[in-house]
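Asks: Fold the following.
(2 chains)
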Amino acid sequence: MRATNRRSIQRKLLGVMLLTTFVSVVVALGAMIANDLLQSHRGWVNDIRAQAELVGSATSPALAFDDPTVARENLALLRQQPKIRAAAIYAARGQLFASYRPDPAQPPLPTLPEADGAYVADGHLHVFRRIVDHGQILGTVYLRSRYELYDRVFDYAGIALVVTLIAMLVALGVSFWLQRLVSRPILAIGAVAQDVIRQQDYSRRAEKISDDEVGVLVESFNDMLSEIERRTGALEESKRETERLNAELEQRVLERTAQLERSNRELAVATATAEQASRAKSEFLSSMSHELRTPLNAIIGFGQLLAADQLRASEEQKRTFVDHIVTSGKHLLTLINEILNLAQIEAGRLVMSLEPVALGDVFDDCRAMTEPLAAQRGIRMLLPERCTLSVVADRTRLKQVLLNLLSNAVKYNRDNGAVVLECTQAGGRVRVSVQDTGLGLSEEQVSALFQPFNRLGQEAGPHEGTGIGLVVTRHLVEMMGGSIGVRSMPGTGSVFWIELRESGAAVLPAQPAAAAQGPEAPAVADAAAEVATVLCVEDNPANLELVRSVLGFRPDLRLLSAPDGRKGVDMARNHRPDVILMDNNMPGLNGREALAILRDDPATAHIPVIAVTANAMPTAIDEGLAAGFFRYLTKPIDVAALNDAVDSALKAARKSGRP
Amino acid sequence: MSRTSSCLPVRAVRVVWLALIAACLAAAGPRAQAQRAGGVSESAVKAAFVCKFAAYVEWPPQAFHQPGSPIVIGVLASVPMADEVVHAARGQAIGGRPLAVRRLAPGDSLAGLHVLYVARSHAARLPETLAAARAGPVLTVTESDDGQAMGMINFVVVDNKVRFDVAPHVAEASDLRVSARMLGVARRVVQKDT
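Replies: Predicted coordinates for the structure are as follows:
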């Protein structure tokens, strides 16, 4: 049943057509053949009966006159009828009168006649017929005829087969023709539907061939396809929209992720940098502690030796001790200054005032400051006599840089060596190189050169250094927009060089102010006529004692002292000193506040106040000078500087104040 | 069904039977005729024939007075012979007409006769008798030998069998029509010229 349903309409129609044709042809042919056979049978029977009648009629005289020969001759005429296989005439009493049997193989004739009748047996038609003449029964005729019904059945079967075949062929043709009418539109719809499903192409349409129910089906199908196409389009549109949104979202997520990763990396780098900085700082602190302790060891140790009375040191020995203490102290001071510099640089608080600077002037200054040191060890300083180049730099810092390089070159040189400073110009930049004839540096040493407290050659000689100098130098050079480098060959020496932008401006003449500062100092000696009063406001007794010791050697000065700011102000008002030395960090009233009070008081406003303070930060110095301090001296006190400042103040006071 | 089956042994048996029967017939045929010829007397056969001739002859309508009138057979023969004819004609009817037998003596009138049988024993004055018979439609039956005067039908004995010759033109001369069927069983049909 299911298989039948699955078969195509085409084949079903074909089957129906063929089956119908077959049945009708078979029924029609069967009926026709049956009718024909029946008619034939009847015809044959009648025919043979007629034959028998004729034979009987013809033979009745022979019977009547007992002439078997004539009867035989009559029967022999049946030779013209080949289908008659045998014939016989029986006399009235039943005895055989004459016979006709052309084929001896035929079965024998009946020995006795039978009643009138015809029957079929042994494939033959047997007919008995009474011979009646003038109301007298003369005898019986017997005819045996070939019964052709079976042959005819075979013939008809053949004809029926051929006719059926032809009919089937015609039906086949007709059904093919009908298919185009009926099944083709349906099959076309089916094909389109399959195409649509296979290719997902909803724009296909079935062709409308007829106006019947199939046509309506085609229209409905096409409408349905349009609807599906519309909905599919809408669906795909929304799908594309969703995909687009998804893609955007994904893109955004990717961007966010990338941002996050980037910030994570930055954070990691920052963390690493911070850790690095922290480690460097703690290393720096421990190094600094060590570096600070080393000169203090000498100071305290030799100080103790001097203080110990039981050690009877000679004057010579004591002088050596004092020299050691002073040298160590100065070293300590240098160290502290450089640390301060470094701290300022790293805090970004170092202010550069870039201006055109004539190198020649700077070289002159440097020569003056380093030649004495070099001369002690027989080292020749070879500086260009006349350099007309100028660079963009901060004059003070440039000098500091060059001094550092030159002092290093002297310090790490061999005795009777040489230091060569050269100055070349190339491509808008000026290179200043300092060459020494020392031991040189290995590559490892070069790479570690600009690290703090990495004092090279320490193991090789007793040279003192802070280990911070080159670090500060590099920072300074870079802040001036320049670069620094080193080229070295172990055993031969090293060349340190810096490069700075060349200044396009003309070479400035040497500052008259700087030149004028020099001859100012010796002019102090004039004012020895009267004794001036100096007030020292200092809370630290040791420092006060140092000042007292320094100024105590001068007969032209009388020293007063106050332990804090408040008392200092009071004493200034009471004694009207000529000069005031003011510490800054004091309990109660600090130096700055005290100065303000003094400046506000007309009685004391004219007195020059020299700051003597441990606050050595350049900003503090600038602020101090701006606040009205005459000079700003930093601790530890340099004796010569203190004298110089006091002299200058006295001179200024005398000039501006009362004569 | 079993009749149509033709197994080889059955057919062989049948052939044998046919051969036996044919042999019997061949042997018995002439003897049976002889028996019949011998068993049934010649006069009886002739009597029967005479009666039967009427069936193959057509008389003119005026030969009978009315439709049911009998066919009258005149017998000019010995008494036993005449008895045989009477015996043969008893109860016979041809075309609705009964047969009537009239015993004749020589010189009797032949009027009203339809058939005249002249036996050999009474053929002495045959030509006159026949001439007299020509006056009406009378079928004449004789037993003459060859070359002698004879009637329209003439009995002959061939191989102990009674046969007859017919002369249709003679009958036609007497306004009688002899059936062709009877001519078929005649030994000889005598034509006009002979």
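
Asks: can you list the residues of chain A near chain B?
Replies: Counting by CB under 8 Å from any CB of the partner chain, chain A comes close to chain B at A:58, A:60-62, A:64-68, A:70, A:74, A:104-105, A:107-108, A:121-123, A:133-136. For every residue, glycine as well, the C-beta is placed using N, CA and C.

Asks: Now, of these, which are buried?
Replies: The neighbour count (16 or more other CB atoms under 10 Å in any protein chain shown) marks A:58, A:60-62, A:64-68, A:70, A:74, A:107, A:133-134, A:136 as buried among the residues of chain A next to chain B.

Asks: Quick check: the farthest pair among those?
Replies: The distance between the two most remote of these (CB to CB) is 34.2 Å, for A:107 and A:134.

Asks: before we move on, back to that, just the buried ones among the residues of chain A next to chain B: which are in helices?
Replies: A:58, A:60, A:61, A:62, A:64, A:68, A:70, A:74 (DSSP state H).

Asks: Surely the third one touches residue B:184?
Replies: So the one you mean is residue A:61. Yes: counting by CB atoms under 8 Å, residue A:61 touches residue B:184, with 6.0 Å between them.

Asks: which residues do the two both contact?
Replies: Contact criterion CB atoms under 8 Å, 6 or more residues apart in numbering or on different chains; residues shared by residue A:61 and residue B:184: residue A:70.

Asks: which SSE is the closest residue to residue A:203 other than its chain neighbours in?
Replies: Excluding the flanking residues, the one nearest residue A:203 by CB to CB, 6 or more residues apart in numbering or on different chains is residue A:229, at 6.1 Å. Using DSSP states H and E, residue A:229 maps to helix A:213-307.

Asks: For the residue lying closest to residue A:68 once chain neighbours are set aside, give me its contacts.
Replies: Distance criterion CB to CB, 6+ apart; nearest residue to residue A:68, sequence neighbours excluded, is residue A:98 at 4.9 Å. Shown in contact with residue A:98 (CB under 8 Å, 6+ apart): A:59, A:62, A:68, A:71, A:72, A:74, A:75, A:88, A:89.

Asks: ok so, going back, quick check, nearest of the buried ones among the residues of chain A next to chain B to residue A:501?
Replies: So of those, ranked by how close each gets to residue A:501 (CB to CB), first place is residue A:107, at 153.7 Å.

Asks: What lies in contact with stretch A:398-416?
Replies: For stretch A:398-416, contacts defined as CB under 8 Å, 6+ apart pick out A:357, A:362-363, A:365-366, A:369-370, A:373-374, A:377-379, A:381, A:391, A:419, A:421, A:432, A:434-439, A:456-457, A:461, A:463-465, A:469-470, A:472-473, A:476-477, A:480, A:494, A:496, A:498, A:500.

Asks: Got a quick ChimeraX command for the buried subset of the residues you listed?
Replies: Of the contacts of stretch A:398-416, the buried ones can be selected in ChimeraX as follows, counting by 16+ other CB under 10 Å:
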select /A:357,362,363,365,366,370,374,379,381,391,419,421,432,434,435,436,437,438,439,456,457,464,465,469,470,472,473,476,477,480,494,496,498,500
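
Asks: Filter the contacts of stretch A:398-416 down to just the ones in strands.
Replies: The strands, defined by DSSP state E, take in A:357, A:381, A:391, A:419, A:421, A:432, A:434, A:435, A:494, A:496, A:498, A:500 from the contacts of stretch A:398-416.

Asks: circling back to that earlier point, list the pairing partners of the host helix or strand of the residue nearest to residue A:68 within its sheet, with orientation.
Replies: If you go by DSSP H and E, residue A:98 is part of strand A:96-100. The pairing partners recorded for strand A:96-100 under DSSP bridges are strand A:84-91 (antiparallel).

Asks: what about the partner strand, average pLDDT?
Replies: Averaging pLDDT along strand A:84-91 gives 90.

Asks: again, but for stretch A:205-221
Replies: pLDDT averaged over stretch A:205-221 gives 82.

Asks: same thing with stretch A:290-304?
Replies: Mean predicted confidence for stretch A:290-304 is 82.

Asks: What residues of that stretch count as buried?
Replies: Neighbour counts over stretch A:290-304 (16+ other CB under 10 Å) mark A:291, A:295, A:298, A:299, A:302, A:303 as buried.

Asks: Can you tell me the closest non-neighbouring residue to residue A:67?
Replies: Using CB to CB, 6+ apart and skipping the chain neighbours, the partner closest in space to residue A:67 is residue B:185 (4.6 Å).

Asks: shouldn't that neighbour be in contact with residue A:72?
Replies: No: when contacts are counted by CB under 8 Å, residue B:185 is not listed as touching residue A:72 (11.9 Å).

Asks: if you count what's nearby, which of the two comes out ahead?
Replies: The residue with more neighbours, out of residue B:185 and residue A:72, is residue B:185; 24 against 17, by other CB atoms under 10 Å in any protein chain shown.

Asks: contacting residues for the spatially most central residue of chain B?
Replies: Chain B has residue B:49 as the residue nearest its centroid, 2.9 Å off, counting by CA atoms, centre = their mean. By CB under 8 Å, 6+ apart, the contact set of residue B:49 is A:65, B:155, B:162, B:164.

Asks: Please pick the buried ones from the residues you listed.
Replies: The neighbour count (16+ other CB under 10 Å) marks A:65, B:155, B:162, B:164 as buried among these.

Asks: which pair in those residues spans the largest distance?
Replies: The distance between the two most remote of these (CB to CB) is 10.9 Å, for A:65 and B:155.

Asks: Could you tell me which residues touch both of those two?
Replies: B:49, B:164.

Asks: related to what we said a few turns ago, going by distance to residue A:631, which of the buried ones among the contacts of residue B:49 wins?
Replies: Residue A:631 lies nearest to residue A:65 out of the buried ones among the contacts of residue B:49, by CB to CB, at 204.6 Å.

Asks: Quick check: which helices or strands does the helix or strand that the strand holding residue A:98 is followed by pack against?
Replies: On the C-terminal side of strand A:96-100, the nearest following helix or strand under DSSP H and E is strand A:117-121. Packing partners of strand A:117-121 (3 or more CB pairs under 8 Å, 6 or more residues apart in numbering or on different chains; DSSP states H and E): helix A:9-64, strand A:124-133.

Asks: please redo it, this time with the cut-off set to 10 Å
Replies: In terms of contacts (3 or more CB pairs under 10 Å, 6 or more residues apart in numbering or on different chains; DSSP states H and E), strand A:117-121 is packed against helix A:9-64, strand A:124-133, strand A:136-146.

Asks: Could you export these to TSV, including columns for mean pLDDT?
Replies: As requested, the helices and strands packed on strand A:117-121 are exported to TSV (pLDDT from 0 to 100):
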stretch	mean pLDDT
helix A:9-64	87
strand A:124-133	89
strand A:136-146	89
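
Asks: so which of the ones you listed is the most packed in?
Replies: Of all the helices and strands packed on strand A:117-121, strand A:136-146 carries the top mean neighbour count, a mean of 23, counting by mean count of other CB atoms under 10 Å in any protein chain shown.

Asks: so how far is that strand off the chain centroid?
Replies: Relative to its chain's centre, strand A:136-146 lies at 124 Å (CA atoms, centre = their mean, to the nearest Å).

Asks: List the neighbouring strands of that strand plus their orientation.
Replies: With DSSP bridges as the test, strand A:136-146 pairs up with strand A:84-91 (antiparallel), strand A:124-133 (antiparallel).

Asks: Ignoring the adjacent residues along the chain, who's closest to residue A:85?
Replies: In this structure, residue A:85 finds its nearest non-sequential neighbour in residue A:144, 5.1 Å apart by CB to CB, 6+ apart.

Asks: Bridged to that neighbour, which residues?
Replies: Residue A:144 has these beta-bridge partners by DSSP bridges: residue A:86, residue A:126.
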